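> how would this look folded up:
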Amino acid sequence: MFEQNVMVTVAYQLLTVFLQADPRYETTTSVKAQMKFLEELDSLERKRHEEVQRGVLLRAAKVDCVFVHFPVFCLVQRDHILRLTMSP
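You can find the predicted model right below:
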């Protein structure tokens, strides 16, 4: 148990040092600022998830469209070939 506490303490100290050296890291004690940041992070994650879902739905719609219109495509292609062969 003692070894685990030492490892956790060392890891925490290293993380603290690395985060403070990172120029993107900004400490704040304002709960309001922290909540605003988390809400913005949640909003961005939600938007990214919606874009992924939209992409999946668009790909599925394209596949359905190909399968639904495949017979029509075959008829149009056959008609086109017949016109080419029958034209003098």
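
> same for the biggest helix by length in the chain, what does it pack against?
Determined from DSSP state H, the single longest helix within the chain is helix 31-86. Counting contacts by 3 or more CB pairs under 8 Å, 6 or more residues apart in numbering; DSSP states H and E, helix 31-86 is packed against no other helix or strand. The C-beta positions use only the backbone N, C-alpha and C, and glycine is treated the same way.

> what's the helix or strand bottoming out on mean pLDDT in the chain packed up against?
Every helix and strand of the chain was ranked by mean pLDDT, DSSP states H and E. The lowest is helix 2-21, at a mean of 76. Contacting helix 2-21 under the criterion 3+ CB pairs under 8 Å, 6+ apart is no other helix or strand.

> ok, and what's touching that helix?
25, 27 (CB atoms under 8 Å, 6 or more residues apart in numbering).

> gap between it and the chain center?
32 Å (CA atoms, centre = their mean, to the nearest Å).

> same thing with stretch 47-54?
With CA atoms, centre = their mean, you get 6 Å for stretch 47-54.

> now do the SS call for residue 28.
Classification of residue 28 by DSSP: H, G, I helix; E, B strand; the rest coil places it in coil.

> state the distance from the residue nearest to it when sequence neighbours are not counted to residue 4.
The shortest distance from residue 28 to any non-neighbouring residue, by CB to CB, 6 or more residues apart in numbering, is to residue 34 (6.4 Å). Note on residue 34: its distance to residue 4, by CB to CB, to the nearest Å, is 29 Å.
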